[in-house]
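A.B. asks: can't give you the sequence, but here's the structure:
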């Protein structure tokens, strides 16, 4: 089977170049890592190229069959929604990865070995936002692949702290939290309803691990919706989709829903005046959540730094170069 038959975007491969890929639902449109990696390859005159591959879930198995046989393939980055399902197709997983159950990097030597550099990027982001290491109260929103990774990073970073998980699927939250509750390092709690975040006083950190706020069009009932105008601190229901991809029109049709959503965010931030806000999204650079934080003079951080660190760490794993050298080159990209 040819790769061109299972990916949605067109790829033109460079002759005599080794290959790396990044897979997800639409990395050809949104992923930053290919630009960073290819910039380093060009700077260091390495004959490798990273290619974005837009995949559907039904084609993930065939994709792995193809890359396992391809002798020019060297490494893979994984984005939403394949960070968990890709585990089924690797040959080697470390103990730390098996705990997280989510991966974002695969290195091909003789076999496929899985890593999670998102975890390392998250740890560095917690340091950058200057979170204290003890007696903190943290609210994590979202329990997908990124959410689970963030939870592990927060648990590793903190001691004697309270970590709350807010997720729309209760069963998934309990499954994640049960893995942590046997540990005595921190205390973990599930928030059942969005309104319950107002019953808890003085959070020290809020982390958004959802796609709410991300500038990307997706289909719902054959109509287009975009989550960019929303914050993740309230349920988003009854969104009015549109036939086109006109953001102004979309916002106009959802004016009341957006207004209520943002009102709840304002209320939460005013109640938690000393909170820090970390949003893993970096497109846009400033989400609605971060805009509201800035307007309320709240220290905040987007996902660009986490993305930069994870991209550099992953590059080192695949290509075997020094981390500081790679990081500095990637920083110079802008």
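C.D. replies: Sure, I can see it. Only a predicted model underlies this, so the values are computations on that prediction, with no experimental measurement involved.
A.B. asks: so residue 37 makes contact with residue 46?
C.D. replies: No - with contact defined as Cβ atoms under 8 Å, residue 37 does not reach residue 46; the gap is 9.9 Å. For every residue, glycine as well, the C-beta is placed using N, CA and C.
A.B. asks: and those two? Which one has more around it.
C.D. replies: residue 37 (27 against 15; other Cβ atoms under 10 Å).
A.B. asks: so what's the more buried one closest to, chain neighbours aside?
C.D. replies: residue 50 (4.3 Å; Cβ to Cβ, 6 or more residues apart in numbering).
A.B. asks: got a list of what the residue sitting nearest the centre point of the chain touches?
C.D. replies: Centroid check for the chain by Cα atoms, centre = their mean gives residue 146 as the closest residue, at 4.7 Å. Applying Cβ atoms under 8 Å, 6 or more residues apart in numbering, we find residue 146 in contact with 80, 83, 102, 118, 209, 280.
A.B. asks: list the contacts of the first one.
C.D. replies: With Cβ under 8 Å, 6+ apart as the criterion, the residues that contact residue 80 are 24, 25, 144, 145, 146, 211.
A.B. asks: these into a markdown table, with extra columns for secondary structure and pLDDT?
C.D. replies: What follows is the contacts of residue 80, written out as a markdown table (DSSP: H, G, I helix; E, B strand; the rest coil; pLDDT from 0 to 100):
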| residue | secondary structure | pLDDT |
| --- | --- | --- |
| 24 | strand | 93 |
| 25 | coil | 89 |
| 144 | coil | 83 |
| 145 | helix | 82 |
| 146 | helix | 87 |
| 211 | coil | 92 |
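A.B. asks: and the two most separated of the residues you listed?
C.D. replies: Farthest-apart pair in these is 25 and 146; separation 13.9 Å (Cβ to Cβ).
A.B. asks: correct me if wrong, but the residue nearest to residue 37 is in a strand.
C.D. replies: Yes - using DSSP: H, G, I helix; E, B strand; the rest coil, the assignment for residue 50 is a strand.
A.B. asks: give me the secondary structure label for the residue lying closest to residue 233 once chain neighbours are set aside.
C.D. replies: With Cβ to Cβ, 6+ apart as the criterion, residue 233 has its nearest non-adjacent residue at 4.9 Å, and that residue is residue 265. Per three-state DSSP, the secondary structure class of residue 265 is helix.
A.B. asks: distance of residue 265 from residue 221?
C.D. replies: Look at residue 265 and residue 221: by Cβ to Cβ, to the nearest Å, they are 26 Å apart.
A.B. asks: neighbour count: these two, which is higher?
C.D. replies: Using other Cβ under 10 Å as the criterion, residue 265 and residue 221 rank with residue 265 on top: 20 against 6.
A.B. asks: buried ones in stretch 72-79?
C.D. replies: For stretch 72-79, a neighbour-count test (16 or more other Cβ atoms under 10 Å) marks 73, 74, 75, 76, 77, 78, 79 as buried.
A.B. asks: ok, and what's touching stretch 226-235?
C.D. replies: Contacts for stretch 226-235 (Cβ under 8 Å, 6+ apart): 141-142, 168, 194, 197, 208, 210-218, 236, 245, 247, 250-251, 254, 258, 260-262, 264-265, 268, 284, 287-289, 292.
A.B. asks: worst-scoring helix or strand of this protein, pLDDT-wise?
C.D. replies: helix 95-100 (a mean of 76; mean pLDDT, DSSP states H and E).
A.B. asks: next secondary structure after it?
C.D. replies: Going down the chain from helix 95-100, the next helix or strand is strand 105-108, by DSSP states H and E.
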